[in-house]
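K.L.:
With the sequence up front, the predicted model follows.
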Amino acid sequence: MDGANKFIKRLLGDISSRSAYSQLFIGVTSGWATGYTTMKFGKFAAFAIGGSIILIEIAHQEGFIKIDWPKLTKSVDKIAEKVESSIAGNDANWMDKTENFLDRKLDKAENHLKGRATKVRKWYAKYIGDEEGPKINDLHIFLTAFLGGIALGVATG
């Protein structure tokens, strides 16, 4: 590391004592190198994060991962409450706590009703004999758009 510092200091030296063209060249070159590496690291990070989100969604869709939504929601609510109280400087009053409680209960009721609606849809599809053949769902649309985005990124990169 010490050798790299000496090399850079010897190569660049005191830039202010050089000509304007040298300063311009060094500035453009270092800016280009910084932008290029940032772009490459950014693409890698976006690809890695996007790929892991897709893998998690596929695993959830296929039933490999089961998410306990009520527990997750409760934990997020507690964290949000702590953050809100630390920012505002006061604890949540009974109205806020009641509102959060009712929101959780209404979400639970809504999810229960959605589950019943799914069962009815499955029964209806089985009843009319429409369960054979491919059906497009959100995951198919998302994956198609994602692959199209990859193709567009490769074509423009």
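P.N.:
Great, that's in hand. Numbering: from 1, shown residues only.

K.L.:
which stretches of this protein form helices?
P.N.:
Per DSSP state H, the chain carries helices over the ranges 2-12, 20-62, 69-88, 94-128, 138-156.

K.L.:
what sits against residue 107?
P.N.:
Residue 107 sits next to residue 73 when contact means C-beta atoms under 8 Å, 6 or more residues apart in numbering. Yep, even glycine has a C-beta here, placed from its N, CA and C like the rest.

K.L.:
That one and residue 99, how far apart?
P.N.:
Distance from residue 107 to residue 99, counting by C-beta to C-beta, to the nearest Å: 13 Å.

K.L.:
what's the answer for residue 22, then?
P.N.:
64 Å.

K.L.:
Equivalent analysis for residue 79, please.
P.N.:
Taken as C-beta to C-beta, the span from residue 79 to residue 99 is 17 Å.

K.L.:
if we can go back for a sec, so can I have a markdown table of the helices of the chain showing mean pLDDT?
P.N.:
A markdown table is the format used below for the helices of the chain (pLDDT from 0 to 100):
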| stretch | mean pLDDT |
| --- | --- |
| helix 2-12 | 73 |
| helix 20-62 | 83 |
| helix 69-88 | 80 |
| helix 94-128 | 77 |
| helix 138-156 | 70 |
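
K.L.:
what about residue 90, how many neighbours?
P.N.:
Residue 90 has 9 neighbours, counted by other C-beta atoms under 10 Å.

K.L.:
what do you get for the one 4 residues further on?
P.N.:
Counted with other C-beta under 10 Å, the burial measure for residue 94 works out to 7 neighbours.

K.L.:
Residue 150 too?
P.N.:
13.

K.L.:
Thanks a lot, catch you later.
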